[in-house]
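[1] sequence first, predicted coordinates after that:
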Amino acid sequence: MSFQAILAHKLEDGTVEASIETLDESILQEGDVTIDVEWSDVNYKDAIALYTPQIIQTSPLIPGIDFAGTVSGSSDPRFSVGDKVVATGWALSQTHHGGFSQKARVKGDWLVKLPEAISTRDAMAIGTAGFTAMLSVLALEHGGITPERGAILVTGASGGVGSVAVAILAKLGYRVIASTGKADEAEYLTNLGAADIIDRASLSEPAAPIAAERWAGAIDTVGGQTLANVLAQTSYRGVVTNCGFVGGRELPGSVLPFILRNVTLAGIDSVNAPQQVREEAWARLARDLAPSILASTVSEVGLAEVQGVVGKMLKGLIRGRTLVDVNR
Ligand code: NDP
């Protein structure tokens, strides 16, 4: 049976060319579960995949690191026809066909059955970004950071990970400080639950290796000088998570926050997160994130508009989450 998908070709000069194609199911790779994809979404990694040769390793390949849909065939006893499932990360969009497609086939090990409270559309409003936000919150909790300990900073707050992190933290009762470069998004961030907004420029310049304590913890999506400054301003026994590098891959700081303030820097990886961690995170997302709060963060596009969205994303111009209706 034929279906529509974005197919990306890696060219000899290192560029990636992608267009919508009508494909036959025979293109799908090995896997025990076949899924009628309903929704996908656009993450920063998708933007890198479609603009650089860094992510896609097999050509041609259907990009898209996330999808949610309904099982249409399964030889894995854990999944039956009609089950609603989500997949994020793993080898999707690297060596395995991903979510910008009406059909997918993957190992059952890559799938999580959606909790009742989360529809396939909600799952992609959350997506890798929201899942990563939840992993970051779990890391703060694991480090003993309760709402009583003090405020939590979120950097890249208007982005995908940042927006969901603000919403989850606020629902859990934390006082959230949102760092953003978009002054006109203050109301958006306040509606998600941010108590204070700061200009991201105040964290992006070289500064003292240790400074006055401002937050008990932080969810950092920016990296670079911003992360060094966030660490320098974290309270005694605080926890800072980092998942991203939109502001740089280097870490130009000092060890002083670690040895003088006992600050913990916790790395976050969503791609290869073990299944048990995934199930815990999705169960917590069902409990700690009202899907209605994400309504203001979400915009919807069809497969034909994905290329335009990723271009804006690389310029830091996207707010919140972009859903892809693969059947539009
Ligand atoms: P988005 O593009 O949705 O959001 C990133 C946000 O960062 C922007 O909206 C902007 O927010 C801010 N920003 C953009 N450029 C800069 C800059 N030069 N300096 C400082 N801030 C900037 O991306 P995502 O939220 O999807 O992802 C964020 C990061 O997390 C990316 O690096 C991504 O690769 C990474 N990531 C990692 C995962 C993992 O498993 N480790 C999983 C998911 C994402 P504002 O204007 O509000 O400051």
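    Cool, got the structure.
[2] now do the closest residue to the ligand within the stretch 101-250 of the chain, the pLDDT please.
    Across the stretch 101-250 of the chain, no residue is closer to the ligand than residue 159, which sits at 1.9 Å (Cβ to the nearest ligand atom). For the C-beta atoms, the positions are set from N, CA and C on the backbone; glycine is no exception. Reading off the confidence values, residue 159 has pLDDT 93.
[3] now residue 293
    Note on residue 293: pLDDT of 88.
[4] relative to the ligand, how far out is it?
    17 Å (Cβ to the nearest ligand atom, to the nearest Å).
[5] again, but for residue 255
    Note on residue 255: its distance to the ligand, by Cβ to the nearest ligand atom, is 23 Å.
[6] that residue - how many residues pack around it?
    Look at residue 255: counted by other Cβ atoms under 10 Å, it has 11 neighbours.
[7] and if you look at the one 5 residues further on?
    The local packing of residue 260 (other Cβ under 10 Å) involves 12 other residues.
[8] how about the nearest residue to it, chain neighbours excluded?
    Setting aside the residues directly before and after it, residue 260 is nearest to residue 210 in space (Cβ to Cβ, 6 or more residues apart in numbering), at 6.2 Å.
[9] please report phi then psi for that neighbour.
    For residue 210, the backbone dihedrals are phi -150, psi 140 (criterion: degrees, to the nearest 10).
[10] hang on, isn't it packed against residue 263?
    No: the criterion here is Cβ atoms under 8 Å, and residue 210 misses it with residue 263 at 9.6 Å.
[11] shared neighbours, these two?
    residue 257 (Cβ atoms under 8 Å, 6 or more residues apart in numbering).
[12] middle-most residue in the chain, spatially?
    Central residue of the chain (Cα atoms, centre = their mean): residue 129, 1.5 Å from the mean position.
[13] please identify the buried residues of the helix or strand containing that one?
    Element membership for residue 129 (DSSP states H and E) is helix 120-142. In terms of neighbour count (16 or more other Cβ atoms under 10 Å), helix 120-142 has its buried residues at 120-140.
[14] follow-up on the earlier one: wait, doesn't the residue nearest to the centre of the chain sit right on residue 161?
    Yes: counting by Cβ under 8 Å, residue 161 is a contact partner of residue 129 at 4.7 Å.
[15] next SSE after the helix holding residue 129?
    strand 152-154.
[16] quick one: mean pLDDT over that following strand.
    For strand 152-154, mean pLDDT is 98.
[17] adjacent strands (with direction) for that strand?
    Strand pairing for strand 152-154, using DSSP bridges, gives strand 176-180 (parallel), strand 215-220 (parallel).
[18] which element follows it toward the C-terminus?
    Remark: after strand 152-154, the chain's next helix or strand is helix 160-171, criterion DSSP H and E.
[19] what does the protein put close to the ligand?
    43-45, 128-129, 132, 156-162, 180-182, 200, 221-222, 226, 243-247, 268-271, 313, 316, 318 (Cβ under 6 Å from any ligand atom).
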